[in-house]
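Novice: sequence and predicted structure are below.
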Amino acid sequence: MNGIDPDLDLDCSDSSGLRQTLIRQHHELRILFDISSALHSSPRLEDVLRQAIQAFLQTLQLKMGALYLFPDGGPVGELLLAAHHGFSSALINSIQRLTLTEAQLDRIRNREPVIWFAADQIVFADLRRRMAQESIREIICIALVTKESLLGLLYVSNHGALQIGRERRDFLTTIGQQIGVAIENAQLFDSVQRGKSELEISFDAIQHSIFIIDRRQRVVLVNQTSEQVYGKDANLLGRPYSTILYNQGEPPANCPVLECLRQARPVQREGAHPRWGGCFSFYAFPVVNLAGELERVVYYEKDVTEARKMEERLRRSERLKALGTLAAGIAHEIRNPLATINFNTQLLLRELELNEAQQQMFQDSIHEVKKIDQIVRQVLNFARPKEPRFLPHDLNEIVRYCHSLSKVHTRKSKVAFILELTEGLPAFVVDHNQISQVLMNLIINAIEAMPDGGRLTVKTGWQPDRSAVVVSVTDTGEGVLPGDEERIFDPFFTRKPEGTGLGLSICRQILERHKAYLELESTAGTGSCFKIVFPVIDMPIRP
């Protein structure tokens, strides 16, 4: 007899019993092997659950089965249907949720991992009727457990030629443990996959360029923003990072990635981007393995150009407020004696007998006093501007109004005035006179920058990238000197012989009260472009 030592002294009854035991054990091992093979064919939880119940039912030639799991964070004792076999769609809807008492759970966990019970004890009425129709009288409940916890329950119909008796409790307990371990592994796999997917989504959702760089200084991973800025990942992955970030073979000495690779510590820099200009923040973070060795560097760059411009506008605004307070005090101190000088000079001019040269001297004095008074008035307007009267206005109409006012200046200076207006812009609540003052100041400055004539273009348009309406004044004049681009907005700075240096300061002050701001793009010798930017909040362009 196979698997039995012939020298053993066994009687026939013992030999027959042993044969049956060995056959049963062989059958059980075969069942366990088949179930194990099915469980390990896929790491995904959905596949493991489906294959677990199918393998169990097919191997033991059973007709129906339902597998329930405890949901994360669900009520105590509540289980949800996770897999099933042999049920109609209508019946499935009625058995979706199962609730057990604490006593029932304690019995399954601690005393009876496998329970046989009559089919008429099933809590689902539709399922009881189906069992009666199929002549199924008994159900087996098998706990799906690991060393740590009870994960769920497997219910199978116990009928047919291979009906499972209570003597096979240990065998079914082993199956429950095997399925439980497979479910736990699949849940861990799904958790890891879900976490990986969430990280990838978050990685790609970051609206700044991110590069993962290895120790050989080659790019191994980029996010979607990097692809949009630098090109598709097929053209980026595997390349030396210096050829992408710096467009050259070797990185510069102050490269944050290079310093991070050498020193294995976080590095932060800020400055002009080597390829795009503007102002950027650059970050490099080391990634080390369990041995503390540097493996990769995470490089991150963020465009902070607009943020730095905003900070500079705020700093300038604070300086202007302080300067305005000082200027107002000085202007008042000057204005009182100036009025006396003006009055006495005009009185002497009328009462004294003066020759022609002396009269001219007095006239010149009066003229210069008036100039000083005009400057004082400008200083006071700068220090204490009038409160704006906000009313809805069409910016295009304000531009046309200023175009009409400036015709005399453009004809005298031989400047071609070009209007490019975008229709359908939203109306803004502004002070018509103050915005006209700003625009006229820019137009006159542009005309004066073209003493030999040229082209002046005033354009309005919608910029969706920053949700703003922009009015630009562009000339083909001398441009602004590189060192003067920031200084021209400072009070009293001017390169005009007759200027006071308050025009652009007052313009910027007016725009700040309108929640707008002024930008400059200029190249010395080719011209300048001043942009008045009116941010729009939740206000789409009108059709």
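Specialist: Done, it's in.

Novice: for the rest of this, base every contact and every neighbour count on C-alpha atoms.
Specialist: Noted.

Novice: how long is stretch 65-76 from one end to the other?
Specialist: From its first residue to its last, stretch 65-76 covers 23 Å (Cα to Cα, to the nearest Å).

Novice: how close does the closest residue in space to residue 79 that isn't next to it in sequence get to residue 80?
Specialist: In space, residue 79 comes closest to residue 70 once its chain neighbours are excluded; the distance is 4.7 Å by Cα to Cα, 6 or more residues apart in numbering. Distance, residue 70 to residue 80, by Cα to Cα: 6 Å.

Novice: same question for residue 237.
Specialist: Distance of residue 237 to residue 80, computed by Cα to Cα: 45 Å.

Novice: run through the stretch 351-500 of the chain and note the low-pLDDT ranges.
Specialist: Residues of the stretch 351-500 of the chain that meet the criterion pLDDT under 70 lie in 378-386, 483, 487, 489-500.

Novice: got it, and the stretch 1-150 of the chain?
Specialist: 1-32, 34-36, 38-41.

Novice: hey, where'd the strands end up in it?
Specialist: Remark: strands assigned in the stretch 1-150 of the chain by DSSP state E, counting those that start in this stretch are 65-69, 78-85, 97-99, 114-118, 138-145, 150-157.

Novice: closest one to residue 420 among those strands?
Specialist: Comparison of these against residue 420 by Cα to Cα identifies strand 78-85 as nearest, at 65.5 Å.

Novice: and the angle from the closest one to strand 65-69?
Specialist: 150 degrees (axes from the mean of the first three to the mean of the last three Cα atoms, to 10 degrees).

Novice: just checking, what packs against strand 78-85?
Specialist: If you count contacts as 3 or more Cα pairs under 8 Å, 6 or more residues apart in numbering; DSSP states H and E, strand 78-85 packs onto helix 45-60, strand 65-69, strand 97-99.

Novice: strand partners (parallel or antiparallel) of the shortest one?
Specialist: By that I understand strand 97-99. Applying DSSP bridges, strand 97-99 is found paired with strand 78-85 (antiparallel).

Novice: please report the distance of residue 156 from residue 96.
Specialist: Taking Cα to Cα, one finds residue 156 at 16 Å from residue 96.

Novice: of these two, who's got more company?
Specialist: Under the criterion of other Cα atoms under 10 Å, the comparison of residue 156 against residue 96 puts residue 156 first, with 23 against 14.

Novice: that one pairs with what?
Specialist: For residue 156, the beta-bridge partners under DSSP bridges are residue 65, residue 140.

Novice: quick check, it in contact with residue 58.
Specialist: No - under the criterion of Cα atoms under 8 Å, residue 156 makes no contact with residue 58, lying 11.5 Å away.

Novice: pLDDT weak spots in the stretch 151-300 of the chain?
Specialist: For the stretch 151-300 of the chain, the stretches with pLDDT under 70 are 160-162, 233-234.

Novice: all strands of it, in order?
Specialist: 209-214, 219-222, 267-273, 277-288, 294-303.

Novice: tell me where the stretch 351-500 of the chain has strands.
Specialist: 391-393, 415-420, 428-430, 454-463, 468-474.

Novice: now, of those strands, which is deepest in the fold?
Specialist: Ranked by mean neighbour count, the strands of the stretch 351-500 of the chain are led by strand 468-474 with a mean of 22 (mean count of other Cα atoms under 10 Å).

Novice: report the rounded mean pLDDT for the helix or strand following it.
Specialist: Once the chain leaves strand 468-474, the next helix or strand it forms, by DSSP states H and E, is helix 503-513. Averaged across helix 503-513, pLDDT comes to 81.

Novice: from the contact counts, what lies against helix 503-513?
Specialist: helix 356-383, helix 432-448, strand 517-523.

Novice: next one: it to chain centre, how far?
Specialist: 33 Å (Cα atoms, centre = their mean, to the nearest Å).

Novice: returning to what we had before: residue 374: which of the helices and strands packed on strand 78-85 is closest?
Specialist: helix 45-60 (83.2 Å).

Novice: by contact count, what packs against that closest one?
Specialist: With contacts defined as 3+ Cα pairs under 8 Å, 6+ apart, helix 45-60 has these neighbours: helix 12-39, strand 65-69, strand 78-85, helix 169-205.

Novice: do that again at 10 Å, thanks
Specialist: helix 12-39, strand 65-69, strand 78-85, strand 150-157, helix 169-205 (3 or more Cα pairs under 10 Å, 6 or more residues apart in numbering; DSSP states H and E).

Novice: all helices for the stretch 201-350 of the chain, in order.
Specialist: 224-230, 241-245, 256-263, 305-351 (DSSP state H, counting those that start in this stretch).

Novice: please name the bridge partners of the closest residue to residue 229 other than its chain neighbours.
Specialist: Leaving out its chain neighbours, the residue that sits closest to residue 229 by Cα to Cα, 6+ apart is residue 209, at 7.6 Å. For residue 209, the beta-bridge assignment (DSSP bridges) gives partners residue 301.
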